[in-house]
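# got a predicted structure plus its sequence, pasted below:
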Amino acid sequence: MNVKLFDSEQKVMEVLWREGNLHAGQIAEILKEEIGWNRNTTYTVIKKCIEKGAIERQEPKFFCKTLITREQIQKAETNELINKLFDGSKMQFFSAFLSEDKLSKEEISELKELVNKLK
């Protein structure tokens, strides 16, 4: 899965991930309330998501079904960031990420647990 979503496409996907599969008109109403988009803007962005394979259009009434999960996008975006800024090194990424802020004892414990699961 290698779908790159732009910010506008991410907004449509966030609605679908949060609310479940919806008709395009329902998505348009939600985004009008949340961020002020008009119906045409929402429909244009939905069509871009369909072209990218993130959403499937089903009849009747332009029913939109997600084809990718939030986790798939998070993983792809994270990998892209690590490749772009850290030469693909997860160690460099974590080192840079964790060096700026102090972690709580609970966060350190959770990270240790995660590392132990990966062993």
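Cool, got the structure. Residues are numbered from 1 along each chain as shown.
# can you pull out the helices in the protein?
With helices called from DSSP state H, the chain shows them at 7-19, 24-35, 39-52, 70-86, 90-100, 105-118.
# who does the first one touch, helix- and strand-wise?
The criterion is 3 or more C-beta pairs under 8 Å, 6 or more residues apart in numbering; DSSP states H and E, and the helices and strands that helix 7-19 contacts are helix 24-35, helix 39-52, strand 55-58, strand 63-66, helix 70-86. Yep, even glycine has a C-beta here, placed from its N, CA and C like the rest.
# in JSON lines, list those along with distance to residue 17.
Compiled in JSON lines, the helices and strands packed on helix 7-19 are given as follows (distance: least, C-beta to C-beta, whole Å):
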{"stretch": "helix 24-35", "distance to residue 17": "12"}
{"stretch": "helix 39-52", "distance to residue 17": "12"}
{"stretch": "strand 55-58", "distance to residue 17": "11"}
{"stretch": "strand 63-66", "distance to residue 17": "7"}
{"stretch": "helix 70-86", "distance to residue 17": "5"}
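# nearest to residue 96, out of those?
With respect to residue 96, and counting by C-beta to C-beta, the nearest of these is helix 70-86 at 7.1 Å.
# any low-confidence regions in the chain?
1-2 (pLDDT under 70).
# residues in contact with residue 73?
Residue 73 makes contact with 3, 5, 10, 13, according to C-beta atoms under 8 Å, 6 or more residues apart in numbering.
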